[in-house]
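Show me how the following folds:
(chains A and B)
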2 protein chains.
Amino acid sequence: MNNSKPVRPELRERVMKVVEETGFQPNAVARSLVNKETRIIGVMIPDISNNFYSNLIYGIDSVISEYDYSLFLAISDEVVEKELKFLRLFKEKQLDGVIMASIHFLEGHFQQLQEIQVPLVVTGHDLPGYNIPTVNINNVQASYDATAYLIAQGHQKIACISGPLWDPPCGLDRLGGYRKAMRAHGLDIHDGFMQEGEFTAKSGYEAMRKIWEESIRPTAVFVATDLMAVGVLNFLHDQGVRVPEDVSVMGFDDLEMASLTRPMLSTVHNDPYMYGRAAAEQILKQLRNEPVERMSIVPHDLVIRQSVCVIGK
Amino acid sequence: MNNSKPVRPELRERVMKVVEETGFQPNAVARSLVNKETRIIGVMIPDISNNFYSNLIYGIDSVISEYDYSLFLAISDEVVEKELKFLRLFKEKQLDGVIMASIHFLEGHFQQLQEIQVPLVVTGHDLPGYNIPTVNINNVQASYDATAYLIAQGHQKIACISGPLWDPPCGLDRLGGYRKAMRAHGLDIHDGFMQEGEFTAKSGYEAMRKIWEESIRPTAVFVATDLMAVGVLNFLHDQGVRVPEDVSVMGFDDLEMASLTRPMLSTVHNDPYMYGRAAAEQILKQLRNEPVERMSIVPHDLVIRQSVCVIGK
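As a prediction, the model looks like this:
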C-alpha cells in the first residue's frame, strides 16, 4: 500500500479493496500483510528489573533503531510456559527477528525454535549441536583470568562464590574457571571454599558468612557476580574485616555499582550493552542474507580498582 | 479468522479469500485487520539503563501480561524527534494502548497525543489543562516530608541537592518541597545550600563538594535521588567525614542500592513497579470503557535506615 515494492497488481487490488471496504486507514498492520515485514524485533529476557538485561536491551535498541526496527519486549519471569507462549506469539505476529537472552532451554524450546523460521540469536547460552547463532562472553576463561589475577597478587587461599549451578554460565562455567585456575597453579581448594549463591546481594552476604565460619579462612574471594560481591563487602564491613587489607574481593560483571562501593570493586568487565549490540548485528546480518558466525564471543577484561591487594606468600 | 467475534459474513469471506490466495498463514497480523485489536501496549521511556524505568516496565508487564497483552518498547533517549517518531509508529501499528513515562513534552506532542486516539496514560508528569490520565507520586509533598523528618531530628542547617531543573518532578518539585518545609519551620537556607545535580552519582559527588566548600556547613543534606545520594556518601567517605555522626544524608527513590550502601540510606520510597502497575490499570480501564481518574497519585513513605541521626539544637 505504500507502493514501495513491486507486487502482483491483482494482489494489490484485492488488498486495497478489502482495506477500503472495511474502512481501515492504510496502516502498518495492513502494510505488513503485503510486505511480509513488520520491522519489529522480538526480545525475550527473564527479568527486566535486573540491570544486566535492561542494558542488554539498550544495546539491542541502539543498533536496530538506527535501521528503523522497533522492539517487542517479552519478559518470561523464568517461567517455561511463558517462554513457549512468547515463542508462539513471535511467530504469530510475524516479527522480523528474535533475540533470546538467558532462557531456560528445554527440549520444547528447540522444537519451537526450529519451527519459528525467523532470524534468531541466543545470548548468554552456548548451544552446541544446534545451528543457532549465539553471542556470549567466555565465562570459563574470564573466571580463570580473575582467579589467576588473585594468584598473581600472592593469594593462595582463595574461595569462590558461584552463581546457582542451574544457570550454566554464572554457575558451572564461572566455578569451572576458578577451579581450572587453582588447579593450573597447583593450589588446593579447602573444604567450604566453594559456595553457591543465588544472584542476590543477600545470598552473597550469607555465602560469605559460611566461608568465614570455616576453620581455614581465605585471603581472597572470587565472587561470580558483582551484586553478590556487594553482599560480601557488606558482610565483611559488618564484621569489622578490612577490604582489601584482611580479605581481597574480586567481582564479576562490572555493574554500575562496582565503582560506587567503598572500596571500589575490582571485577571482570562484562558488558551487556555490547552483548546487545552484537546480538542485534547478528540479526541484521541474517535479514540481509549475510553469513553469520555460529558463536560470537564478546571480549572481557579485568577492571582493577581497590578491593584486591598484594600479599606476601 | 479465529471465529471469536461476529463479523459480517461477506467481510469474513473476503478476508479469508485474500488470505488463502496470498498464501498467508492465519496469523496475528491478518487477525488484527479484522478484530481491530493488536493486544499490544506501547510503552515509551527515555532510558532503559536506568533502573527506575526498567522497574516501571516490570510493573506494566506484570499487569498487562495477565490479560494477554504484550509490550512494544520505545526508547526515546530523550530525543524529541524520536518521541514524535514513536508516537506516529504507535498509531500506525494500531497499538491498543500507550503509556508514556517522563517524556519531554512540547507542543508538538500534545497535538500528536490528541491525534493518536488510543487509550493513553502519562506517568511522571502532571498535565494540567489536558484531559490525559496521569500517574504520579506527589513529589512536592514527599520532599516536604523528607525535609520535615530531618528537621524533626533536630537539624536546622539543611542543604538540598535537587535534580536538574529542566526535569520538573525531580528538579523543581523536589526542590520546592524542601523549600516549603524549611519556610514552614522558619529555617533559613544558606547561600550555596541549594545545588543542582544531574541524576548521576558523580554529579551528587560534585554537588556535595561545592556544599562542603561553603563557609557554613550543613548538618544534613536532602538529596533528590538515591543515585546522587550514593555520590554524596562517597564524597563524605573520601573526606573522612562520618555519616550520620557528622552529616546526615536523606535520599529519594529507595533504589535497590539504598539498602546496599554503608551506612544504609534513609530515603523516600518511590516505587516504579507500583507506578507501572497503576499506569497499566488505567489503560485496561480505558479498554473496558470504565471511568478513569485524571490524576492517580501513587503513595510514598519514608524509609528510615542508618544515614540520619538526631542532633542537639
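
do you know how far A:Pro46 is from B:Ile116?
32 Å (CB to CB, to the nearest Å). Bear in mind the C-beta positions are built from the backbone N, C-alpha and C, glycine included.

Looking at these two, which is more packed in?
A side-by-side neighbour count of A:Pro46 and B:Ile116, using other CB atoms under 10 Å in any protein chain shown, places A:Pro46 first with 20 against 16.

Roughly how far does the more buried one sit from chain B?
11 Å (CB to the nearest CB, to the nearest Å).

Could you pull out the strands in chain A for me?
A:40-45, A:70-75, A:97-101, A:120-123, A:134-136, A:158-162, A:194-196, A:220-223, A:248-250, A:267-269, A:295-297, A:301-303 (DSSP state E).

would CSV of the ones you listed with mean neighbour count and mean pLDDT be doable?
Putting the strands of chain A into CSV (neighbours: other CB atoms under 10 Å in any protein chain shown; pLDDT from 0 to 100) gives the following:
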stretch, mean neighbour count, mean pLDDT
strand A:40-45, 26, 95
strand A:70-75, 23, 94
strand A:97-101, 25, 93
strand A:120-123, 25, 91
strand A:134-136, 22, 92
strand A:158-162, 27, 98
strand A:194-196, 18, 97
strand A:220-223, 30, 98
strand A:248-250, 27, 98
strand A:267-269, 23, 97
strand A:295-297, 14, 91
strand A:301-303, 15, 96
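
Pipe those into JSON lines and attach distance to A:Tyr149 per row.
JSON lines is the format used below for these (distance: least, CB to CB, whole Å):
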{"stretch": "strand A:40-45", "distance to A:Tyr149": "30"}
{"stretch": "strand A:70-75", "distance to A:Tyr149": "36"}
{"stretch": "strand A:97-101", "distance to A:Tyr149": "28"}
{"stretch": "strand A:120-123", "distance to A:Tyr149": "26"}
{"stretch": "strand A:134-136", "distance to A:Tyr149": "21"}
{"stretch": "strand A:158-162", "distance to A:Tyr149": "10"}
{"stretch": "strand A:194-196", "distance to A:Tyr149": "19"}
{"stretch": "strand A:220-223", "distance to A:Tyr149": "9"}
{"stretch": "strand A:248-250", "distance to A:Tyr149": "7"}
{"stretch": "strand A:267-269", "distance to A:Tyr149": "9"}
{"stretch": "strand A:295-297", "distance to A:Tyr149": "20"}
{"stretch": "strand A:301-303", "distance to A:Tyr149": "6"}
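
which one of those lies closest to B:Thr134?
Closest of the strands of chain A to B:Thr134 is strand A:70-75, at 22.9 Å (criterion: CB to CB).

For A:Ile45, list the residues it contacts.
A:53, A:56-57, A:73-76, A:101-102 (CB atoms under 8 Å, 6 or more residues apart in numbering or on different chains).

near chain B, from these?
Among the contacts of A:Ile45, the residues within reach of chain B (CB under 8 Å from any CB of the partner chain) are A:53, A:57, A:73-75.

ok, longest helix in chain A?
Assignment by DSSP state H gives helix A:272-287 as the longest helix of chain A.

Around chain B, pick out the residues from the stretch 51-200 of chain A.
Counting by CB under 8 Å from any CB, the stretch 51-200 of chain A sits next to chain B at A:51, A:53-55, A:57-58, A:61, A:65, A:70-75, A:82, A:89, A:91-94.

Buried ones among those?
With burial judged by 16 or more other CB atoms under 10 Å in any protein chain shown, the buried subset of those is A:51, A:53-55, A:57-58, A:61, A:65, A:70-75, A:82, A:89, A:91, A:93-94.

Sketch out the low-pLDDT regions of the stretch 51-200 of chain A for me.
A:102-110 (pLDDT under 70).

could you give the mean pLDDT of stretch A:224-233?
The average pLDDT within stretch A:224-233 is 96.

and that stretch, does that touch chain B?
Yes. Using CB under 8 Å from any CB, stretch A:224-233 reaches chain B at A:230-231.

hmm, back to that, what is the longest helix of chain A packed up against?
Contacts defined by 3 or more CB pairs under 8 Å, 6 or more residues apart in numbering or on different chains; DSSP states H and E place helix A:272-287 against helix A:51-64, strand A:97-101, strand A:120-123, strand A:134-136.
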